[in-house]
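Student: pasting a predicted model and its sequence here:
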Amino acid sequence: MSATLLQTKIAQLADMRVAVEEKQGLLNPDDRDFVVKKAQRRAVLVQALQEVAENLTDKMICKFDSKPFIRGAYYLVTQLLLRAYHQGIHVSSEEVLRLRRVAEEAARKKQSIIFLPCHRSHVDYVSMQLLCYRLGLALPVVVAGDNLNFPIVGSFLQHAGKPPLLGFSVRAARRMLIVPPGAMYIRRSFGDDQLYSTLVQTYIDVLLQGGYNLECFIEGGRSRTGKLLPPKFGILNFVLDSLLSGRVEDAIICPVSTQYDKVIETEGYVTELLGVPKKKENLADFLTGGSSVLSLRLGRVDVRFHEPWSLRGFINEQLLRIYKMPPPINIDWRDTKNQARRQKLLRTLGYKVLADINAVSVVMPTALIGTVLLTLRGRGVGRTELIRRVEWLTDRIRAKGGRVAHFGNAPLPDVIERGLDVLGKDLVGVVEGLAEPTYYAVDRFQLSFYRNMTIHLFISEALVAAALYTRVKRGGGPPIQDIPYQDLHDQVLFLSSLFRGEFIYSGEGLATNLERTLLGLEADNVIHIERDEEGNITKVGLSDAERAAGRENYDFYCFLIWPFIEASWLAAVSLMGLTPPVGTKDDIWVQVSKAQESAQLLGKTLYHQGDLSYFEAVNKETLKNSYQRFEEEGIIQVVKSKDTRIPPRLRVAPEWRPGRDEKTGQLLASGRLWDFTEKIASSRREGKNRRDGATVSTRVVGLTDALGRKLFEEAISGEEGKGKGKAAAPARLSREDERSLSRSVMEQKRRRRLEGRAHL
């Protein structure tokens, strides 16, 4: 509370409020005692802000300082965790010994270790705390959303001043697995609250200056899809500010990968991804929801630590690249140009951490099985073929520099049997009484969570396969299916830009990555490459060996990426319906959440009608990522009102809207947005009803138009119903929102110029 940064902000806010009151006439400069009254009013405001800050601080800071609690909680949670994950937590002894050496050096220098794990389950922070306890490391303060700070439990784990079981039932103890011990609770959104933002910054400063270890999740929330999410920069921004300002000398970054045989929440994830709103954590669920935890047999947890590195060293290296010389001692980060560079620095930091997490991630047997089952044609796979494909996939993962979970000298069939047992018959079914046991995916949506744990290793191959598919899908002889190198390059560039928010790419650039990927696929005998006299690649196609093998390896790469291509295509198609109806005078703005819900409904309809191959394409997270990507490219424009009661609204940018028939008012399958959609569709999996392009365009466009009209009607009727007990976002923008939109559009154009990256 005594930090200069916080006290300066409190004084600044008090001065701003006094100036407002003076302008409003509440303080009269003509009064004889004006100076005294002004000083008194300022003192009152400072005191009030001080009390608000103290109250916020008390709710936020970690008070995990009771050693009896720590010991008791360690014993209790170990017993609970090892009953759910009955094969324990596995680590690499080499990584653990390295981490201990780093921790000893950091303690000597009074530097913090900032653990940045991936986030797939509430068990993540529990396993991290247990490992730190066992290793003798200072337990990290866990940055947690205040949604977990619900009555009794949140306070108990924040204060940690009583014996661990006092006042708790055994059932409640089981649910302790979902609440972060040693939590620092912060709001999910800060808005324009300058005091709260400064308070969080000050607390981060205090932790880093004191050498306290910190743990926060680079992805923000839990991944519902199984793969890494794009980085969230909130806490990283505070940490970066601590070092750039000079208030903190250095901190140690340690990316962490936590992998599971089976994630306890996947069934709930599927429900959320299909559009059912996430339930807010509460005491009732905490006390009643964990009755079966002790009876679960979820296999094991594998935790891997990347080699820790100096954040100061990273910053200096990046600034040297930016400025082409050693950076000046004092950089004015408020300068617009430097702010853009700071954002680039922050983004580079976030994606480096994600790449480090991927580099040390271990692929579990359940992920191997799920990947194989979802990348094969047909209804099911025999036991012999399953073992063969898992063995092939294991070899490919290792060849790509990935890691596969180690099971000593256990033979592969036993490891696969163990994985099938953990997944259970709700996910993978078996048909007995045949020539050999035959396995099939029961819940493809939930099983895709485990398939997505391997996709980062093969994303380059998957993009190349999808680009090549634009020709392969034509059929005919090999010459017809070969693709000129430039066409392949352009489609890979388009797809990689499209999925920039979905996947983590190598930082070496498209040309280098593409060449290495093509050479690798050629060495694996998946493709053949034609070259000119100078050795330049001119044409690419499937190899004769791959054709003879039924395209099984080529199909594997396609099956990995196709669900994501489907989702992006669906998102693009859904935007067609957001073209204003004929006769609409003003632009109608639709709530972002309702537009995405409408896209999900469209996807479910198209799936059951045969126009969509993958039900996973309707998952909410992938659709949200697509909408975010379209916003970055200016395809859609989003307005976020300062009034927090008004949800974000969107419209299709005028230059992207398709036309309408002047007589019927129906959407036309033409224009910039339709061409963009068709470019995505060129890499989609060929399927039922796909080859009759005119029929598809008529039916699909008709459906999205009908859903779009309904959205417009709801937006207009909701606006007209305001004040009649209905709560809805305005369908039209206020002048303030229009100014905000104008600034946003200009800022996005400026950002796109500064980034200098490929765009859609």
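Tutor: Good, I have the coordinates. The structure displayed is predicted, hence computed values, not measured ones.
Student: was I right about Cys558 contacting Ala465?
Tutor: Yes - with the criterion set as C-beta atoms under 8 Å, Cys558 and Ala465 qualify as a contacting pair; they are 4.8 Å apart. Bear in mind the C-beta positions are built from the backbone N, C-alpha and C, glycine included.
Student: show me which of these two is the more surrounded one.
Tutor: For the pair Cys558 and Ala465, the greater number of neighbours falls to Ala465 (29 against 21), based on other C-beta atoms under 10 Å.
Student: for the more buried one, which non-adjacent residue is closest in space?
Tutor: Tyr557 (3.8 Å; C-beta to C-beta, 6 or more residues apart in numbering).
Student: and the helix or strand hosting the one you found, what's its mean pLDDT?
Tutor: When elements are assigned from DSSP states H and E, Tyr557 belongs to helix 552-576. When the per-residue pLDDT values of helix 552-576 are averaged, the result is 95.
Student: list the buried ones in that helix?
Tutor: 553-576 (16 or more other C-beta atoms under 10 Å).
Student: repeat that for stretch 302-320.
Tutor: Of the residues in stretch 302-320, those buried by neighbour count under the rule 16+ other C-beta under 10 Å are Asp302, Val303, Arg304, Phe305, His306, Pro308, Leu311, Phe314, Ile315, Gln318, Leu319.
Student: on contacts alone, who are the packing partners of the helix holding Tyr557?
Tutor: Helix 552-576 is packed against helix 459-472, helix 485-498, helix 592-608, helix 620-632, helix 672-681, helix 693-720, with contacts defined by 3 or more C-beta pairs under 8 Å, 6 or more residues apart in numbering; DSSP states H and E.
Student: got the angle for that helix vs helix 620-632?
Tutor: Orientation note: helix 552-576 sits at an angle of 60 degrees relative to helix 620-632 (axes from the mean of the first three to the mean of the last three C-alpha atoms, to 10 degrees).
Student: relative to the whole chain's centre, how far out is helix 552-576?
Tutor: In terms of C-alpha atoms, centre = their mean, to the nearest Å, the centre of helix 552-576 is found 18 Å from the chain centre.
Student: please apply the same query to stretch 731-747.
Tutor: Taking the mean of its C-alpha atoms, stretch 731-747 sits 27 Å from the chain's own mean (C-alpha atoms, centre = their mean).
Student: pull out the buried positions in it.
Tutor: Going through stretch 731-747 with 16+ other C-beta under 10 Å, the ones that come out buried are Ala731, Leu733, Asp737, Ser740, Leu741.
Student: what does stretch 477-487 give?
Tutor: Buried residues in stretch 477-487, defined by neighbour count with 16+ other C-beta under 10 Å: Gln481, Asp482, Ile483, Tyr485.
Student: what of stretch 395-404?
Tutor: Counting neighbours by 16+ other C-beta under 10 Å, the buried set in stretch 395-404 is Arg396, Ile397, Gly402, Arg403, Val404.
Student: let me have the residues you listed in JSON lines, extended by pLDDT, distance to Ile186 and secondary structure.
Tutor: Formatted as JSON lines, the entries for the buried residues of stretch 395-404 read as follows, by pLDDT from 0 to 100; distance: C-beta to C-beta, whole Å; DSSP: H, G, I helix; E, B strand; the rest coil:
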{"residue": "Arg396", "pLDDT": "95", "distance to Ile186": "41", "secondary structure": "helix"}
{"residue": "Ile397", "pLDDT": "95", "distance to Ile186": "37", "secondary structure": "helix"}
{"residue": "Gly402", "pLDDT": "92", "distance to Ile186": "34", "secondary structure": "coil"}
{"residue": "Arg403", "pLDDT": "93", "distance to Ile186": "33", "secondary structure": "strand"}
{"residue": "Val404", "pLDDT": "94", "distance to Ile186": "37", "secondary structure": "strand"}
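Student: re the thing from before, okay, the helices and strands packed on helix 552-576, which one's buried deepest?
Tutor: Ranked by mean neighbour count under mean count of other C-beta atoms under 10 Å, those are led by helix 459-472, which reaches a mean of 24.
Student: any idea how far the helix or strand just after that one is from the chain center?
Tutor: Past helix 459-472, heading to the C-terminal end, the next element that is a helix or strand (DSSP H and E) is helix 478-481. Its chain's C-alpha centre lies 39 Å from the corresponding centre of helix 478-481 when counted by C-alpha atoms, centre = their mean.
Student: and stretch 316-323, by the same measure?
Tutor: A distance of 27 Å separates the centroid of the chain from that of stretch 316-323, by C-alpha atoms, centre = their mean.
Student: widest-spaced pair of the buried residues of stretch 395-404?
Tutor: Using C-beta to C-beta, the pair of the buried residues of stretch 395-404 lying farthest apart is Arg396 and Arg403, separated by 12.7 Å.
Student: packing partners for the helix or strand hosting Thr517?
Tutor: In this assignment (DSSP H and E), Thr517 forms part of helix 510-523. Packing partners of helix 510-523 (3+ C-beta pairs under 8 Å, 6+ apart): helix 459-472, helix 485-498, strand 527-531, strand 537-542.
Student: same thing but at 6 Å, please
Tutor: helix 459-472 (3 or more C-beta pairs under 6 Å, 6 or more residues apart in numbering; DSSP states H and E).
Student: before we move on, the earlier item: relative to Ser245, which of the buried residues of stretch 302-320 is nearest.
Tutor: Of all those, Ser245 sits closest to Ile315, with 11.7 Å by C-beta to C-beta.
Student: roughly how far apart are the closest residue to the closest one other than its chain neighbours and Gln318?
Tutor: Sequence neighbours aside, Leu243 is the residue nearest to Ile315 in space, at 6.2 Å (criterion: C-beta to C-beta, 6+ apart). As judged by C-beta to C-beta, to the nearest Å, Leu243 and Gln318 stand 12 Å apart.
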